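Asker: can't give you the sequence, but here's the structure:
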């Protein structure tokens with residue numbers, strides 16, 4: 001997929017339980033030019049999830065066929081299940097005039113950084129590992145073994161946060177939301193996006 005020259009791509013990552021889903025949903029409510037590219041996955045849906053909303057749920061054979069056909073902007077296997085971003089889905093949103101948010105893991109973020117260096121990456125940090133542990137338990141979605149596995153994985157993810165463009169600590173929702181909103185508002189005004197304005201001024 002070729003780089004789109006007029007629309008933005010935002011990568012939001014962070015450990016499970018860190019609050020990134022709540023933050024990006026608030027962004028979608030505030031900014032009507034933003035849209036989420038719903039990822040494909042081979043994991044089974046949770047009881048509160050609907051196909052096409054949180055994820056597009058595929059069987060493993062279909063997903064692997066998509067990998068072979070080059071249909072994914074990024075993909076990764078996490079805890080035995082595939083996750084991936086459809087190139088066509090992102091392009092369709094760009095064609096609608098939307099800037100696109102990808103909620104993906106660090107493996108996917110690394111792939112996007114290589115293929116789309118103009119994208120901006122935002123990592124949502126928990127205020128502490130103790131708070132992250134409590135959030136995972138409070139949401140009541142996983143058993144203790146899964147929670148411990150997620151906490152172990154979170155340390156690896158947090159180490160990778162050093163490579164992200166922006167770090168937002170989600171200790172208090174409103175403050176974190178204002179920080180991430182400021183990034184969304186400011187990023188399109190970077191110099192590489194404003195070359196046409198410079199040339200127009202110089203041409204007068």
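Answerer: Ah, there it is. As the structure is a prediction and not an experimental result, all values here were calculated from the model.
Asker: C-alpha from now on. contacts and neighbour counts both.
Answerer: Will do.
Asker: Let me see the contact set for the spatially most central residue of the chain.
Answerer: Nearest to the mean C-alpha position of the chain, counting by Cα atoms, centre = their mean, stands residue 103 at 2.1 Å. Listed by Cα atoms under 8 Å, 6 or more residues apart in numbering, the contact set of residue 103 reads 11, 12, 13, 21, 36, 37, 39.
Asker: List the contacts of the last one.
Answerer: Listed by Cα under 8 Å, 6+ apart, the contact set of residue 39 reads 54, 55, 56, 83, 84, 85, 86, 103.
Asker: where along the chain do the helices fall?
Answerer: Ranges of helices in the chain, per DSSP state H, are 20-30, 60-68, 87-95, 106-115, 129-139, 144-160, 173-186, 195-203.
Asker: can I get the contacts of residue 39 in a markdown table with pLDDT and distance to residue 111?
Answerer: Putting the contacts of residue 39 into a markdown table (pLDDT from 0 to 100; distance: Cα to Cα, whole Å) gives the following:
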| residue | pLDDT | distance to residue 111 |
| --- | --- | --- |
| 54 | 87 | 21 |
| 55 | 93 | 20 |
| 56 | 96 | 20 |
| 83 | 95 | 13 |
| 84 | 96 | 11 |
| 85 | 97 | 11 |
| 86 | 97 | 13 |
| 103 | 93 | 13 |
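Asker: So which of those residues belong to strands?
Answerer: Assignment to strands by DSSP state E places the following of the contacts of residue 39 there: 56, 83, 84, 85, 86, 103.
Asker: how near is residue 25 to residue 181?
Answerer: According to Cα to Cα, to the nearest Å, residue 25 stands 12 Å off from residue 181.
Asker: So if I had to pick from those two, which one is more boxed in?
Answerer: Higher neighbour count among residue 25 and residue 181: residue 181, with 17 against 12, using other Cα atoms under 10 Å.
Asker: who's in contact with the more buried one?
Answerer: residue 27.
Asker: Please repeat the previous calculation with a cut-off of 10 Å.
Answerer: 23, 24, 26, 27, 30, 31, 175 (Cα atoms under 10 Å, 6 or more residues apart in numbering).
Asker: before we move on, back to that, ok, so of the contacts of residue 103, who is nearest residue 144?
Answerer: residue 21 (21.5 Å; Cα to Cα).
Asker: That's all I had, so thanks and see you.
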